[in-house]
Structure formats: structure tokens, C-alpha cells
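>>> The sequence isn't on hand, but the structure is:
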């Protein structure tokens, strides 16, 4: 079993850049299936298998299943404005619970995911953001009265990753593509990642620049007493048909902006693993997501994992 904590924040790129996708926190628990050591006792199914079947997932995936909770916060640029800013993105806070099954199929990592959640004041995005900003001495955002209304969220997603490795073994290339369907976001995407390091594993790569924000990479189950590291650079593009954080509520009249149909991302970072621990940091730059957006958004992402 493995747990991972992932924290995204645009303050990693400077206090004057706290806007757009402002922050995200993700906690994931993943466990291998009975076909692998470390899942259950004597090959018996572990705790997440009955939950997967209860949700209609059918046969338990051959590699692993995971359960994830994540919260994301989105804000406009002007933190001091108490009035509605029509030309900038809405205030929004989302809380999502995800159940995913991952399998290796014909040389591809395939991740199917069901996500349930909520957007709106009930998520308590304002209180969480203000509490963090008090600790780090950052400005308080004063326009949360204009955030998106309460609304349930439902989403299905599929991600695929394929790896190509030259004979040298110290570098590889991974392609990822997939789609999301739901009232949080409906989009299709694709991208590439290049890695360089020692002991590269066929583990699905680093945290890919999938649509959305605080998405994790695939779980790496390989353990070693030696330090493993890699550097990576990646880029991706997505076609967006719907994005609730820009298009506004689906079931209510709300503030919204003119979303751009195509968005690109670029990121670079490093991963270090030692024994049961793994750490990853990535810096991301994203193209403008809506018409009239003044600055190119960017954020930092830190991920810490531990294998039991």
C-alpha cells in the first residue's frame, strides 16, 4: 500500500502571482491487487477491492486501485476587490473524491477514474485560503462573496500512458493522452514527457500535465536501497469543451468568463526515491485559459509518497 500527499500553490512562483489556480491539496491511498505481493493477506483482496466492486467497477484491475481526496481553489488577480470583477475568472473551491483502477494493457498504463464532489461555499475555500495566508503573511482575498454556487460534481476520466526507452537505459520518453467527461471539466488532451536519471522504471512517469490541476502521476511500486533520481521535462495540450471554474455553474446563473478552447502546459522538475520514500517537485507554466487574462499562470507542485 502507498500514500501520497501532493500540494500545489502559485505562491511558489512569487507572492505577486497568487491568482488563477491558486492552490490544491491531494491525498491518495493506493493498493495493489491480489496478483501482486503486498495486497491483503495470502493473496486475499485488500480493503479497496470490495469498494471498487460496489461502485460497479467489475473485475478488480490487474495492477492497483486508488482512492483520492483533493481540494482546489481558484481566484482572480485582484485580492483586494470586494466587488464582482466581470473580466476575471470566478472565485471557486472544489472538493472531489476519486476511485481509480489502473492496469497495464498492451504496453500502456490505463487509468479509469470516477470522481464525485462539490463546488461552492460548502467547500469552505475562503476559510482555508485565509488561514493559510495568515500563516505565510500573504494578502487576504476579499471577493469570496461572488464565488460559484453550491453544486454537486460528477466526472469520469480515462488516462493512458505509453513508454519508449532507448538502449542506454538512462533516458526515456512517455506519451500520455485521455479525456474527462463531467460537469467539472469535459476535455481531451495529450502530451509528452522526457526523463533522464538512474534506474528509470516503467511506472507511468511523473505527475503528468493532465487537464485539471492537482492530478498525480501513476504510483511507482519499485523499492531500492540505493537512491533513485530523475529529471523530467514535459508538455501537453488540451481541447476544452467545458470548464466549470471558467464557464460558471451548470445548474445556476453565475459569474463566468469567455473560455479559450485550447490550453497548453509546460513543466519541469525532479523525482528522488530512497527506500520507502519518494519526493517530487515540479514547476508548471500554463497558457492563458480565458479571453482577457492578463498574465500567464504558473505554480509549483510538491509531492511526497510513502510505501508501507
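Great, that's in hand. All of these numbers come straight from a predicted model, not from anything done at the bench.

>>> What is the burial count for the spatially closest residue to residue 177 that is not a sequence neighbour?
Excluding its sequence neighbours, the residue lying closest to residue 177 (CB to CB, 6 or more residues apart in numbering) is residue 190, at 3.9 Å. All C-beta spots, glycine's among them, are computed from the backbone N, C-alpha and C. If you count neighbours by other CB atoms under 10 Å, residue 190 ends up with 14.

>>> Numbering from 12 from now on, please.
In the new numbering, first residue 12, that becomes residue 201.

>>> quick one: contacts for residue 201?
Listed by CB atoms under 8 Å, 6 or more residues apart in numbering, the contact partners of residue 201 are 186, 187, 188, 189, 247, 248, 249.

>>> how close does it sit to residue 273?
The gap separating residue 201 from residue 273 is 12 Å, by CB to CB, to the nearest Å.

>>> hang on, the earlier thing: which one (most neighbours) among the contacts of residue 201?
Highest neighbour count within these: residue 187, with 26 neighbours (other CB under 10 Å).

>>> Give the helix, strand or coil label for the closest residue in space to residue 98 that isn't next to it in sequence.
Spatial nearest neighbour of residue 98, chain neighbours left out: residue 303 (4.9 Å); criterion: CB to CB, 6+ apart. What DSSP: H, G, I helix; E, B strand; the rest coil gives for residue 303 is coil.

>>> Including pLDDT and distance to residue 100, could the contacts of residue 201 go into CSV?
Shown next, in CSV, are the contacts of residue 201 (pLDDT from 0 to 100; distance: CB to CB, whole Å):
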residue, pLDDT, distance to residue 100
186, 92, 30
187, 89, 26
188, 92, 26
189, 91, 24
247, 91, 21
248, 93, 20
249, 93, 17
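
>>> Would you mind checking which of those residues is nearest to residue 114?
Lowest distance from residue 114 to those (CB to CB) belongs to residue 189, with 14.1 Å.

>>> Doesn't the closest one lie inside a helix?
No. Residue 189 is assigned strand when assessed by three-state DSSP, not a helix.

>>> which SS state does the residue nearest to residue 188 fall under?
Assignment for residue 201 (three-state DSSP): strand.

>>> measure it to residue 173 for me?
11 Å.

>>> what do you get for residue 145?
Residue 145 is 45 Å from residue 173, by CB to CB.

>>> Ok, residue 114 next?
Look at residue 114 and residue 173: by CB to CB, they are 14 Å apart.

>>> and for those two, which residues touch both?
Common contact partners of residue 114 and residue 173 (CB under 8 Å, 6+ apart): residue 120.

>>> wait, what's in contact with the spatially closest residue to residue 207 that is not a sequence neighbour?
Distance criterion CB to CB, 6+ apart; nearest residue to residue 207, sequence neighbours excluded, is residue 182 at 4.8 Å. Contact partners of residue 182, counting by CB under 8 Å, 6+ apart, are 176, 205, 206, 207, 208, 211.

>>> any weak-confidence spans in this protein?
Scanning the chain for pLDDT under 70 picks out the ranges 22-29, 45-73, 178-179, 218-229, 232-233.

>>> which residues of it fall in helices?
For the chain, applying DSSP state H gives helices covering 59-65, 136-147, 255-258.

>>> Give the full set of residues in contact with the residue lying closest to residue 89 once chain neighbours are set aside.
In space, residue 89 comes closest to residue 96 once its chain neighbours are excluded; the distance is 6.0 Å by CB to CB, 6+ apart. If a contact means CB under 8 Å, 6+ apart, then residue 96 has 87, 89, 154 as its contacts.

>>> Among those residues, the buried ones, what's the PyMOL command?
Remark: buried members of the contacts of residue 96, expressed as a PyMOL selection using 16 or more other CB atoms under 10 Å:
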select buried, resi 87+154
